[in-house]
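**Student:** Provided below are the primary sequence and the corresponding predicted coordinates.
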Amino acid sequence: EGVATGDIVVDGQNIHTSGLSAGRLAASFPIRVTATPGKVAIDFVRDAALSLTDIRQGGKPLAAELSAAISGGFDVSGLDDAATGIVLHHELSIRPAPVAISGPLAIRATLGKIVSGGTLTADRAWRGRVLIDSAGIVRGNQEATVTGIAVVAETGAGFASPAVRIAVGAVRRVSPAPDFGGFAVAATVRNTGDVLAWQAEIGGLGVKKLATLAGLHDLRRGEGSADLSIPDLALGPAGLWPIAAFPALKPLRNVTGRLGGEAHLAWQGEQHTGRARLRLDGIGGESDDAKIEAIGGVIEFDNLFPLSTAPGQILLIEKIDAGAVLTNVSVRFALMPGGILRIDRAEADVADGKATLVAPAIDPVAGTAEGTLSLTGVRLDRISALTRLEGFEATGRIDGVVPLRLAGEKIVITGGSLAARGGGTLRLKSERAAQVLKTGGEQVGLMLRALEDFTYENLRLDLDETQAGDAEVKLRTLGHNPAVLNGRKFQINVNLATNL
């Protein structure tokens, strides 16, 4: 029995274990040892210090330094009990310094206070727990916080079959903008020799089981693989609510449908490969500007690093209402490396006719796109954007081709042409138009009177870009109004310049 104090100093080099190594281990433990019958207690009289430098995995740099301050202590019991044997128990509080992890992860991590406790029995069976109140993770310009981390580790006798169970209360993105909500993670990790095997279940966004993840990693070779599975999830307030994940989607209402998918990831050193499948079934929603109903299809991603799809992906959409009502929409597309979207062919029924779009290069980041829109047999009186124009009515069917180019917020049209298929009517009774054109003289007055009930024989619209960068619309039509000049025919030519 008695009490003793002292310092234990450790200074070692070239430490190796299970594919990990450290160039140097330095530690200082200022301890007090208290001995009583059958038990020895060891406490830190002040903070202990632990530092590992030049940490490598498979010979490649992993971190320049890991260091921490430690308080708490250990006790050894059962010294006088041959039946139970010696039992080691510890309770520690650890405050690690920020660390930068290099290699494929390339993250900077800051951990909050770590509380650790555990028991080692005489047969060398271990059971311990670690609680981490919070962690901050930075990768490039991305930053996230993790809270409520709990780890339980245990082995069988002789340290056999080590296993770790991990629970994470919430993971949240902080910057560049907090655009998704929190996720919870529960995982089990087992170590068999140099191989780590894990299974994890991810929940959040109102869904208990959002996804499952299982994988292997060979510590010595630095290679592994993982499989992610997303069960078919119902969208909406009662199921997965995407607005909770991405506040940028807040303008969406009445989100419906189901989605699911799976992904396979593999890595070797700094090389990553992956493929994935995303299933969409009956997905829809609406905002103030548009309403979409029943998006369906399966998207095959042939690579995740960088993200791209196999050619010929197809999505079917039952209805899009955004000024013009499109139904029976079919889109054949591919996502190219670099984020370029290629639309091989998009078709839709619109106003009792057909619309077709081909766009070989859409760059969402640069805000540029090129494509060709073709219209076949579209009824003017069924285009809702036209029917909402004050005092304007039109009938007839039009065909034509409109080349489109998007530059930022601006649509540029070069060489577009639309023509009526046979005759139809135009009716314009607009006080606003009359006020704007009242100084145009007698000819303009006759034109406005004729357009109040104009039956045309032919109608053509030519669209081009003006030197000022606006769209120039040339309307050419031949027809008559029975109530104007005894039904004499008018050839009306109108040039308009507008910013589309």
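**Tutor:** That came in fine, so what should we check first? Residues are numbered from 1 along each chain as shown.
**Student:** Which stretches in the stretch 1-150 of the chain count as strands?
**Tutor:** With DSSP state E, counting those that start in this stretch, the ranges of strands along the stretch 1-150 of the chain come out as 2-17, 20-36, 39-44, 48-57, 60-77, 87-96, 99-101, 107-111, 114-120, 126-139, 142-154.
**Student:** What's opposite the residue nearest to Val195 when sequence neighbours are not counted in the beta bridge?
**Tutor:** Closest residue to Val195 apart from its sequence neighbours, by Cβ to Cβ, 6 or more residues apart in numbering: Asp218 at 5.4 Å. C-beta coordinates here come from the backbone N, C-alpha and C atoms, glycine included. The partner list for Asp218 in beta bridges (DSSP bridges) reads Val195, Glu223.
**Student:** Does Asp218 touch Asn191 like I think?
**Tutor:** No. Asp218 is not in contact with Asn191 according to Cβ atoms under 8 Å; the separation is 11.3 Å.
**Student:** Where does the prediction get shaky in the stretch 1-150 of the chain?
**Tutor:** Applying pLDDT under 70 to the stretch 1-150 of the chain flags the ranges 18, 80-84, 104-105.
**Student:** What is the neighbour count of Ile398?
**Tutor:** 22 (other Cβ atoms under 10 Å).
**Student:** Which residues belonging to stretch 47-64 are considered buried?
**Tutor:** Neighbour counts over stretch 47-64 (16 or more other Cβ atoms under 10 Å) mark Asp47, Ala48, Leu50, Leu52, Asp54, Ile55, Arg56, Gln57, Gly58, Leu62, Ala63 as buried.
**Student:** In a markdown table: those residues, plus distance to Gly169.
**Tutor:** Formatted as a markdown table, the buried residues of stretch 47-64 follow (distance: Cβ to Cβ, whole Å):
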| residue | distance to Gly169 |
| --- | --- |
| Asp47 | 27 |
| Ala48 | 28 |
| Leu50 | 27 |
| Leu52 | 28 |
| Asp54 | 34 |
| Ile55 | 28 |
| Arg56 | 32 |
| Gln57 | 28 |
| Gly58 | 32 |
| Leu62 | 27 |
| Ala63 | 25 |
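**Student:** So Asn486: helix, strand or coil?
**Tutor:** helix (DSSP: H, G, I helix; E, B strand; the rest coil).
**Student:** Which strand or helix spans the closest residue to Leu461 other than its chain neighbours?
**Tutor:** Closest residue in space to Leu461, ignoring its immediate chain neighbours: Leu418 at 4.4 Å, by Cβ to Cβ, 6+ apart. Secondary structure here is read from DSSP states H and E; on that basis Leu418 sits in strand 416-420.
**Student:** Please name whichever of the strands of the stretch 1-150 of the chain is nearest to Arg379.
**Tutor:** Arg379 lies closest to strand 142-154 among the strands of the stretch 1-150 of the chain, at 49.5 Å (Cβ to Cβ).
**Student:** which secondary structure elements does the closest one contact?
**Tutor:** Strand 142-154 is packed against strand 126-139, strand 163-175, with contacts defined by 3 or more Cβ pairs under 8 Å, 6 or more residues apart in numbering; DSSP states H and E.
**Student:** Quick check: next helix or strand after the shortest one?
**Tutor:** In the C-terminal direction, the helix or strand that comes right after strand 163-175 (DSSP H and E) is strand 183-192.
**Student:** Could you pull up the mean pLDDT of that next one?
**Tutor:** Strand 183-192 shows a mean pLDDT of 80.
**Student:** How about stretch 360-369?
**Tutor:** 88.
**Student:** Just the CA atoms of that stretch, as PDB, please.
**Tutor:** Taking Å, rounded to 0.1, in the frame of the first residue of the first chain, the C-alpha atoms of stretch 360-369 are listed here in PDB:
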ATOM      1  CA  PRO A 360     -25.600  18.600 -78.100                       C
ATOM      2  CA  ALA A 361     -24.000  20.700 -75.400                       C
ATOM      3  CA  ILE A 362     -25.600  22.300 -72.200                       C
ATOM      4  CA  ASP A 363     -23.100  23.600 -69.700                       C
ATOM      5  CA  PRO A 364     -25.000  24.500 -66.400                       C
ATOM      6  CA  VAL A 365     -21.800  25.900 -64.800                       C
ATOM      7  CA  ALA A 366     -20.900  28.300 -67.700                       C
ATOM      8  CA  GLY A 367     -24.600  29.000 -68.400                       C
ATOM      9  CA  THR A 368     -24.300  28.100 -72.100                       C
ATOM     10  CA  ALA A 369     -26.200  25.800 -74.400                       C
END
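**Student:** Residues touching that stretch, excluding its own?
**Tutor:** The contact list for stretch 360-369, computed with Cβ atoms under 8 Å, 6 or more residues apart in numbering, reads 339-343, 359, 370-371, 404-409.
**Student:** Can you give me the buried ones in stretch 408-420?
**Tutor:** Val412, Ile413, Gly416, Leu418, Ala420.
**Student:** with these in mind, which one is nearest to Ile31?
**Tutor:** When these are compared against Ile31 (criterion: Cβ to Cβ), the nearest one is Val412, at 76.5 Å.
**Student:** so that closest one, which of the three states?
**Tutor:** Val412 is classified as strand under three-state DSSP.
**Student:** Now do the contacts for it.
**Tutor:** Counting by Cβ under 8 Å, 6+ apart, Val412 has contacts Leu404, Arg405, Leu406, Glu465, Gly469, Ala471.
**Student:** Just those: which are in strands?
**Tutor:** Leu404, Arg405, Leu406, Glu465, Ala471 (DSSP state E).
**Student:** Just give the nearest non-adjacent residue to Gly2, would you?
**Tutor:** Gly2 sits nearest to Ala35 (Cβ to Cβ, 6+ apart), 5.5 Å away.
**Student:** beta partners of that neighbour?
**Tutor:** Residues in beta-bridge contact with Ala35 (DSSP bridges): Gly2, Val40.
**Student:** number of nearby residues for it?
**Tutor:** Neighbours around Ala35, by other Cβ under 10 Å: 15.
**Student:** Tell me where the stretch 251-400 of the chain is predicted with low confidence.
**Tutor:** 384-389.
**Student:** 80 instead, please
**Tutor:** 251, 270, 323, 383-391 (pLDDT under 80).
**Student:** how about the strands in it?
**Tutor:** Under DSSP E, counting those that start in this stretch, the stretch 251-400 of the chain gives strands at 253-268, 271-286, 291-301, 303-304, 307-308, 313-322, 324-336, 340-350, 353-363, 368-379, 392-394, 397-407.
**Student:** Please read off the pLDDT at the residue nearest to Val195 from the model.
**Tutor:** 91.
**Student:** roughly how far apart are it and Gly441?
**Tutor:** 86 Å (Cβ to Cβ, to the nearest Å).
**Student:** So which of these two has more stuff around it?
**Tutor:** Using other Cβ under 10 Å as the criterion, Asp218 and Gly441 rank with Asp218 on top: 16 against 9.
**Student:** OK, contacts around the more buried one?
**Tutor:** Taking Cβ under 8 Å, 6+ apart, one finds Gly19, Asp194, Val195, Gly224 in contact with Asp218.
**Student:** go again using 7 Å as the cut-off
**Tutor:** Asp194, Val195, Gly224 (Cβ atoms under 7 Å, 6 or more residues apart in numbering).
**Student:** now do Thr212
**Tutor:** Ala200, Glu201, Ser229.
**Student:** from the residues you listed, which would you call buried?
**Tutor:** Ala200, Glu201.
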